[in-house]
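Visitor: Need coordinates for the following:
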Amino acid sequence: TFLSVAGQQGALCLERVHGSDPVHVRWWGVGQHMPWNCGAGPRLLLAYMSDERRAAALRHTEALTPHSETDAAKLRRHLAEVRARGWEATVDDVAVGLSAVAAPVRGPTGEVVAALSLGGLTHLVLDDAGVPRALGRLGAAAAEISARLR
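Guide: Okay, the predicted model is just below:
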């Protein structure tokens, strides 16, 4: 599980906690940045940025794998969907075989101030239909953090 915020060079990982799964995802360390277009947490933060900041961020996409989306127009359309549903899930864009899902953490006025995400082997994160397995628990945890911030 990762807690991230908007940084200058991408999403900044503030905290990482490992669960009990036999495979630990170590792709994003505390204090490290992830490109805005890669990973569920960074893309969720990107979706809720101001239009001006999002436009600037989309000028600096990076391909970590062949599945990383770098087309700014496609990303803009997708980010509108992220805002509409309120969460993000990604597959193979940071490392092939790994997926992630993220939910927003909101500050006192309702603005998105962080992303709470979890990542791991795709079959553990998403079901056979591509639906996040722990979306309810992740959303509840993000809501609890949001309530504590208020």
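Visitor: residues contacting G139?
Guide: Listed by CB atoms under 8 Å, 6 or more residues apart in numbering, the contact partners of G139 are G86, W87, A103. In this view, the C-beta of every residue, glycine as well, is placed from N, C-alpha and C.
Visitor: That one: helix or strand, and which one exactly?
Guide: G139 is part of helix 135-149, with elements assigned from DSSP states H and E.
Visitor: For the residue positioned nearest the centre of the chain, which three-state class applies?
Guide: In the chain, the centroid-proximal residue (CA atoms, centre = their mean) is G41; its distance is 1.4 Å. Using DSSP: H, G, I helix; E, B strand; the rest coil, the structure places G41 in helix.
Visitor: Make 41 the first number, not 1, from now on.
Guide: Happy to do that; since the first residue is 41 now, the last one works out to G81.
Visitor: Relative to W127, how far out is the residue lying closest to V136 once chain neighbours are set aside?
Guide: The spatially closest residue to V136, leaving aside those adjacent along the chain, is T105, at 5.4 Å (CB to CB, 6 or more residues apart in numbering). Using CB to CB, to the nearest Å, we find T105 at a distance of 22 Å from W127.
Visitor: And these two? Which one has more around it.
Guide: Using other CB atoms under 10 Å, the more surrounded residue of T105 and W127 is W127, with 19 against 13.
Visitor: That one touches A140, doesn't it?
Guide: No: counting by CB atoms under 8 Å, W127 stays clear of A140, with 10.9 Å between them.
Visitor: Now for the two: what residues contact both?
Guide: Both W127 and A140 lack any common contact, where contact means CB under 8 Å, 6+ apart.
Visitor: close enough to count as contact, P144 and I185?
Guide: No: checked against CB under 8 Å, the pair P144 and I185 is beyond contact range at 10.0 Å.
Visitor: higher neighbour count, these two?
Guide: Neighbours around P144 and I185, counted as other CB under 10 Å, are more numerous at P144. The numbers are 26 against 17.
Visitor: and that one, what does it touch?
Guide: L84, Y88, G126, W127, V152, A154, A155, L156, A182, S186.
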